[in-house]
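# Any chance you could fold what I've pasted below:
(2 chains)
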Amino acid sequence: MTGAKEPLMHIVKRDGVSLGRAMLVRLVALVFALLVCAAIIFGLTGMNPLNVYAGIWDGAVGTNRRMWVTFRDAAILLCVGFAVLPAFRMRFWNVGAEGQVLVGAMASAAIMIYGKNLPSWALYALCPVAGVAAGLIWGVIPAFFKARWNTNETLFTLMLNYIAMQLVSFAIVFWENPRGSNHVGLINSQGKEGWLPSIGTNSYLLPILIVLALMVGLYVYMQFSKQGYEIAVVGESENTAHYAGINVSRVIIRTMAISGGIGGLAGYLLATGVGHTISTGLAGGRGFTAIVVAWLGKLNPFAMLLVAFFLVFMEKGAIQIATQFSLNENASDILTGVILFFILGCEFFINYRIELRQHAREEVKA
Amino acid sequence: MKKLVSMLLALCLVLGVTAASAAVPAEEIKVGYICIGDENEGYSANHINGLKAAQEALGISDAQVMIKYNIPETEAAYEAAVDLAENGCDIIFATSFGQESYVFQAAAEYPDIQFCHATGTAASASELTNVHNYFTAIYEARYVSGVVAGMKLNQMIEDGTITAETAKIGYVGAFPFAEVISGYTSFFLGARSVCPSATMEVRYTNSWSDMALEKETAEALIADGCVLISQHSDTVGPATACEAAGVPIVGYNISMIPTAPTQALTSAACNWGAYVTYAIQCVIDGTEIPKDWCHGYSDGAVHITELNEAAVAPGTAEKVAEVEAALKDGTLHVFDCSTFTVNGEELTTYANAYGLEGNEMVSDGYFHESEVRSAPYFDIIIDGINAVVEQ
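Residues are numbered from 1 along each chain as shown, chains lettered A, B, ... in the order given. Below you'll find the model as predicted:
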């Protein structure tokens, strides 16, 4: 006899799901997501969903150039994702990547503008150094306050974004062209001084290679180095870290220096390799999208690569379906949202299973 | 003699270029169009209407045009332009100011494709032969909309709502540079041509499109004693403020009547279709597109939107028709130096227009706006206007 009524279903934690099975669940989720999207497209517009999918594909990777642009933009987004990764591993909520990217871009742009007449090797060397250093400083400021006075890093890094934007606005006053227009335009558009060089005729490849190298380096650092381990320990528990003799303040500042520096690197790539300009919108919200990338990728650099590629892929596809079918950007936001919903939702089914009420289990042992 | 020879040489050059560029039949031409927003946003909607007008005039099907929506003023504009070029467009238009350098960057890679950029300034100085700037002589329409405003001020003075001394206009400007200065000066000159006691206060928002800020700025101007508002910004923010405060408003590009049914007088607006049609026609004919193009009433490139009968002063329509006719036949010049002073003196010479230093702009008694370059360059603050730079 049981007094309590058993609910219709239980949620039971699974342990040790095989990788193959997990991938299968994700694949099924993706198929479901595409089916729901198809229903939405057809329901709202009456268009053939397959044509719209083809349009997204075409827009993202349909031509050689589009493919390179998608890869390059995914690499940049991934790089900004890496700017939050080490901090997040440490449970230091760095939402200031946008600002770290901006100051990095601004420093690189300043070198391009004022160092126009320097020899090109000096310019090529100074731009990344300035960019990384600026981002690093922007990352270390909140880390120092956190380590010293335990300030709230979320608010602190967020506020620094706005200060970075104002700094850029201020710099634009001196660099704008034409005067009063609030625009810097292409920097050194004639001689391309300081522009990230092309490899052969391909101007998209170098930033991609830089970010891929960074990815491998970061993976090794986080996974196999002593410092990477210290980050993980501080992230799990500061007390444990103290007990183990880890200098927590030092780890916080060092890690944020790395995070900020990577943000500055992304800014450098944006200013010299992508936009060739500086504006408050240069980071374009990537600092916040990067948080999504980091979380969806579960702080795993390789998984983050896939997430960044997916988000950029959908963004590029959106431009194409707007052109081709007059579906504006909101349409693709809906599709992206549905797909993310299913992909995230399926993680639940990977980690848990649902058990229905079992009458057979009513024989309770006495 | 020397002059004649150089003219002949120039003519040969032009003809040579003309002969070199191949004509494209209208049914085969492909047109690319780059917009900063989409049809839900006023500025882009106005440009898209221009393309539609051109399509209609030239019989170009929708399949022959590719519009890239929501392209920001970043490298995305370069990517969009290159993508349009790779998709076989013969002529590509970009419509937002900040896209210029990116689009011209693409133009350097595709010398056989024509790139036309609205509101930009760099084409004439560029070594590229396939880049072009265009604008409309919007200052003409602003002048006419100023006349409408001046008539309204006169009516308010007559019925005792205000006195001649308090006829102060408020102007919500975007950025403190020539395009905006030229715009409000022409508006003010139009207003003062009928209401001589009018003065004007300008406040900048430092943004092209910020609904809340534009509304606030209009409210601040009204609080500061302005009895009529106009704007050089993209949203209906000022109209919202004016309808609430009961202050007449002259808008820009779109009719403000739906937003301010009792207060909107009219709006000065560009008809981009005039240029888009012309430029595409040039490619069809294989003729050269000028580096700079800026036409006004004479080519139907500007107009004022519907007069709001519920708000304008009696006799406005007749006066507008008279002024428009004078602008069309060239007897009236907006920047007639006899109608304004700078620091108390008449303007007799000006060669400091930003970016065009050394070009004398004043001759025959008027300032030659948009003749040397399509984008406006009148950047002088004249007497009677008080421009406040905020922030």
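
# how many neighbours does residue 160 have?
Using chain A here. The tally of other residues near residue A:160 (other CB atoms under 10 Å in any protein chain shown) stands at 23. Where you see a C-beta, it was placed from the backbone N, CA and C, and this is true even at glycine.

# wait, I meant chain B there
Using other CB under 10 Å, the number of residues around residue B:160 comes to 7.

# got the residues of chain B near chain A?
B:38, B:40, B:66-75, B:79-80, B:82-83, B:86, B:97-98, B:100-102, B:104-105, B:121, B:175-178, B:206, B:354-355 (CB under 8 Å from any CB of the partner chain).

# What residues does residue B:385 make contact with?
With contact taken as CB atoms under 8 Å, 6 or more residues apart in numbering or on different chains, residue B:385 is in contact with B:184, B:185, B:188, B:199, B:200, B:201, B:202.

# What confidence value was assigned to the fifth one?
Per-residue confidence for residue B:200 comes out at a pLDDT of 97.

# now the residue in chain B positioned nearest to chain A: how far from residue B:138?
Nearest residue of chain B to chain A: residue B:177, at 2.7 Å (CB to the nearest CB). Noted for residue B:177: a distance of 15 Å to residue B:138, by CB to CB, to the nearest Å.

# So between the two, which is more surrounded?
Applying other CB under 10 Å to residue B:177 and residue B:138 shows that residue B:138 carries more neighbours, namely 27 against 22.

# just checking, that one touches residue B:271?
No - the pair residue B:138 / residue B:271 is not scored as a contact, 10.0 Å apart, by CB atoms under 8 Å.

# Check the contact lists of those two and give me the overlap.
Shared contacts of residue B:138 and residue B:271, counting by CB under 8 Å, 6+ apart, come down to residue B:302.

# sorry, back to before: just the ones of the contacts of residue B:385 in helices?
Counting by DSSP state H, those place B:184, B:185, B:188 in helices.

# tell me what the lengthiest helix in chain B is packed against?
What stands out as the longest helix in chain B, according to DSSP H, is helix B:138-158. Applying 3 or more CB pairs under 8 Å, 6 or more residues apart in numbering or on different chains; DSSP states H and E, one finds that helix B:138-158 contacts helix B:178-194, strand B:228-232, strand B:249-252, strand B:264-270, strand B:302-304, helix B:316-328.

# Which of the residues in it are classified as buried?
Buried residues in helix B:138-158, counting neighbours by 16 or more other CB atoms under 10 Å in any protein chain shown, are found at B:138-157.

# Break chain B into its domains for me.
B:25-137+B:272-299, B:138-269+B:301-388 (automatic domain parsing).

# Now those domains in CSV, please, with extra columns for distance to residue A:236.
Formatted as CSV, those follow (distance: least, CB to CB, whole Å):
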stretch, distance to residue A:236
domain B:25-137+B:272-299, 40
domain B:138-269+B:301-388, 45
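
# which parts of the stretch 51-200 of chain A sit against chain B?
Residues of the stretch 51-200 of chain A lying close to chain B by CB under 8 Å from any CB are A:63, A:65-66, A:69, A:178-183, A:185-186, A:189.

# Flag the least confident of the residues you listed.
Lowest pLDDT of those: residue A:180, 67.

# can you redo the residues of the stretch 51-200 of chain A next to chain B as CSV with secondary structure and neighbour count?
Formatted as CSV, those follow (DSSP: H, G, I helix; E, B strand; the rest coil; neighbours: other CB atoms under 10 Å in any protein chain shown):
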residue, secondary structure, neighbour count
A:63, coil, 14
A:65, helix, 15
A:66, helix, 21
A:69, helix, 23
A:178, coil, 20
A:179, coil, 14
A:180, coil, 20
A:181, coil, 22
A:182, coil, 21
A:183, coil, 20
A:185, coil, 24
A:186, coil, 20
A:189, coil, 18
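
# List of residues touching stretch B:324-342?
By CB under 8 Å, 6+ apart, stretch B:324-342 touches B:139-140, B:143-144, B:185-186, B:189-190, B:192-193, B:296-298, B:323, B:346-348, B:362, B:365-369, B:378, B:380-384.
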